[in-house]
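> what's the 3D shape of this:
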Amino acid sequence: MSKKFYITTPIYYVNDKPHIGHAYTTLACDVMARFKRLDGFNVKFLTGTDEHGQKVEKAAQVAEISPHEFTNTVSQNFRDLTTQLNFSNDDFIRTTEDRHKLACQQLWRILLDKGFIRLDSYSGWYAVRDEAFYTKDEIVDGKAPTGAPVEWVEEPSYFFDLSKFQDKLLAFYDANPDFVAPKSRFNEVKSFVKGGLRDLSVSRASFKWGVPVPDDDAHVMYVWLDALTNYITATGWPTDGAFGNPETYAKLWPADLHMVGKDILRFHAVYWPAFLMAADLPLPKRVFAHGWWTNEGQKISKSLGNVIDPVALADTYGLDQTRYFLMREVPFGKDGDFSVQAMIQRMNSDLANDLGNLSQRVISMIFKNCEGVMPSLPASPTSEDTNILAASDALLDQVRIHIDQQSFHEALRCIWDVIAAANRYVDNQAPWGLKKTDPERMKEVLAVLAEIIRQVAILTQPFMPQSAAKILDQLGVDEHARGFDIIAGQGRLANGHLIEKPEPVFPRYIDEEPA
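Got it, this is the predicted structure:
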C-alpha cells in the first residue's frame, strides 16, 4: 500500500483577481505535491475558492451582478491560474458546490447535537474585509489588527463554545510540537489561546449569501466555519451523504499539511482544530504559515497600484524562472521583498550561469566530441570522481529533510551547492583539453558530469518541471525513469544511446528597456 500525502491551500476568497500571494501559497503546495509524488506517495493536492460571505455579496453589488454570477467569473480566474502557473492540483473545490454545502450542514448538525452550538445574540466589532470578529482590546486606532475597517454589529447569532476548548487545544499543542510552523508563529498561537478564548459567533442574520443554517433559514453560517470545512468535504466526508466516499475519507484524512498565509493562521490553528475536536474528527497533522511579499520595499496594495500579477511575471521572465525565484529568494515562512533586480540576478546567476551553463556545455561536448553517444562512467573512478558523485548521491536525503520542513530555499541551496561543485569539477578536469591528451578520460569526466546533471534535474522537477524535463530529454532519460526510486545508488544514467544537439534551457535575461 502506497504512502499517502494530503496537502491543501487555503481556499481563496473571490472578491478580486489572483495576486502573487495566492500564487506563492499554491506554488509551495505544488512543489510539495510534486516532490511527494516523485518520492512514491499517493498525493491529494487540493485548492479552490471561498465564495460566501458579506464581502462577496458587497463586491457583487458593486459589480451590479448576482453573487452567483460574480463568483462564477472570479472563481474561474483562480482555476485558470492553476493552468497558467503549471500547478498540479488534483481537485478544485468551490464552497458553492452541493457537496460542500451538505458537508457544512452535517458538521453543523454534529456540533449542535453535541451541545457546542447555541442561539444567542452578538454585539461587537466585525471586519468585512477579514470576515472576522474582533474584541475591543484588538481594535487599534479604530481598525482591526490587520488594518481592515471594522463596523459595530448587533444581531441574533448562533455561538460555538470555543471557550470550552482552551485547555484541550493547549494540551494538543504540547503533545504535537510540530503542529504549527514556523515556531515563532506557533508561539503566537499558543499566546493567543493562553490569553483566553471567547465563544465564537458562527452565524450571520444580516445577509443571505452563505450556507443556510440547518432548520433555520434566517441564518447563514459564519464564512470561516463554512470555508474550513472544505478540507474534509474534498475527502468524501460525510461518508454517508449523497457525495460520501468512505474509502477516500479513510485514506486521506487527516490532512498532512494545510499551507496558509500568516494572516489566517488563527482560523486554521485555533478555530479549525476546535471544530474538529468538538465533532470527534481527527485533526490535521501540520499547519504552515508563510510570510508576505512586499514590492520594492513597499507594502503591496491596490491603492498604491503595486499589486504583482504572477501571470505577468511568468510571461515576462519565464514560468519556471518565476517559480524558482519565489521558492529560492526568501526563507519560506518569513516576509520577503520582490524586486526586478533580484529576480534578474537569480535568473542570470543561478539559472543561466550555474545550472544552464553546466548542462549546456557538458551535453554539447558529449554531442560534439563523443559522436552524440552517451559515455560510460569510469570503471576505476578517481577520488575527484568519487567525491563529486558522493555529494550528488547524498542530495536526495538532504533535500527530503528540507522539503518535509517546508524549507524550500534550503532544499534549493543544497542542490546548488552540488551544481557549484560540478562547475568546479569541470573546470579542474578540463575535458576540452583531455580531448587531445586522453580522450577516454574525457569521456569518463563527461559521464560523471552527465550523471550529476541527471540527478540535479530530477530533484529540480518539483520546482521547475518544464525546464527539468528539457534537461532530462537532452540527456536521453526515459520518461519512466525520472522518479526518486532510481536517483542515487539504485541506478545511474544509461549509456550508449544517441543524444541530439542541445538547446539552451536557461538563456540569460537581458533587460531591453533603456537605462
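
> and stretch 114-134, how far from the chain's centre?
Between the mean C-alpha point of stretch 114-134 and the mean C-alpha point of its chain there is a distance of 30 Å (Cα atoms, centre = their mean, to the nearest Å).

> low-confidence ranges, the stretch 1-150 of the chain, go.
Residues of the stretch 1-150 of the chain that meet the criterion pLDDT under 70 lie in 1-2.

> rerun at 90
Within the stretch 1-150 of the chain, the set of residues satisfying pLDDT under 90 comprises 1-2, 13-19, 21, 53-60, 74, 121-138, 140-142, 145-148.

> which stretches in it count as helices?
20-38, 54-63, 67-84, 98-113 (DSSP state H, counting those that start in this stretch).

> hey, which of these is tucked in deepest?
Burial of the helices of the stretch 1-150 of the chain is given as mean neighbour count (mean count of other Cβ atoms under 10 Å); helix 20-38 ranks first at a mean of 23. (C-beta placed from N, C-alpha, C; glycine too.)

> what's the nearest residue to residue 471 if we skip its chain neighbours?
With sequence-adjacent residues excluded and distances taken as Cβ to Cβ, 6 or more residues apart in numbering, residue 471 is closest to residue 457, at 4.2 Å.

> can you tell me the number of residues neighbouring that neighbour?
A count of nearby residues for residue 457, using other Cβ atoms under 10 Å, gives 25.

> closest one to residue 346 among the helices of the stretch 1-150 of the chain?
Shortest separation from residue 346 across those is recorded for helix 20-38, at 15.0 Å, computed as Cβ to Cβ.

> and the closest one, how far out from the chain's middle?
Remark: helix 20-38 is offset 3 Å from the chain centroid, using Cα atoms, centre = their mean.

> dump the helices of the stretch 1-150 of the chain to TSV, plus distance to residue 403.
Written out in TSV, the entries for the helices of the stretch 1-150 of the chain read as follows (distance: least, Cβ to Cβ, whole Å):
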stretch	distance to residue 403
helix 20-38	5
helix 54-63	35
helix 67-84	21
helix 98-113	30
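
> surely residue 376 touches residue 445?
No. Proximity of residue 376 to residue 445 does not meet the contact threshold set by Cβ atoms under 8 Å, at 11.8 Å.

> who has more neighbours out of those two?
The residue with the greater number of neighbours, taking residue 376 and residue 445 and applying other Cβ under 10 Å, is residue 445; the counts read 25 against 14.

> which SSE is immediately downstream of the strand or helix carrying that one?
Here residue 445 sits within helix 439-460, counting by DSSP states H and E. Under the assignment DSSP H and E, the closest C-terminal helix or strand after helix 439-460 is helix 465-475.

> related to what we said a few turns ago, which residues touch the residue nearest to residue 471?
The contact partners of residue 457, taken as Cβ atoms under 8 Å, 6 or more residues apart in numbering, are 359, 468, 471, 472, 475, 477.

> contacting residues around the helix or strand harbouring residue 275?
Taking DSSP H and E as the definition, one finds residue 275 inside helix 272-278. For helix 272-278, contacts defined as Cβ under 8 Å, 6+ apart pick out 107, 110-111, 114, 116, 160-162, 165, 168-169, 172, 225, 228, 231, 258, 282-284.

> buried stuff in the helix or strand hosting residue 247?
Following DSSP H and E, the helix or strand that holds residue 247 is helix 246-252. With burial defined by 16 or more other Cβ atoms under 10 Å, the residues of helix 246-252 counted as buried are 248, 249, 251, 252.

> what is the nearest of these to residue 195?
For the buried residues of helix 246-252, the closest approach to residue 195 (Cβ to Cβ) belongs to residue 252, at 33.9 Å.

> just to be sure, residue 302 is in a helix?
No. Following the definition DSSP: H, G, I helix; E, B strand; the rest coil, residue 302 is coil and is not counted among the residues of a helix.

> ok, and the closest non-adjacent residue to it?
Counting by Cβ to Cβ, 6+ apart, residue 16 is the residue found nearest to residue 302 once chain neighbours are left out, at 7.8 Å.
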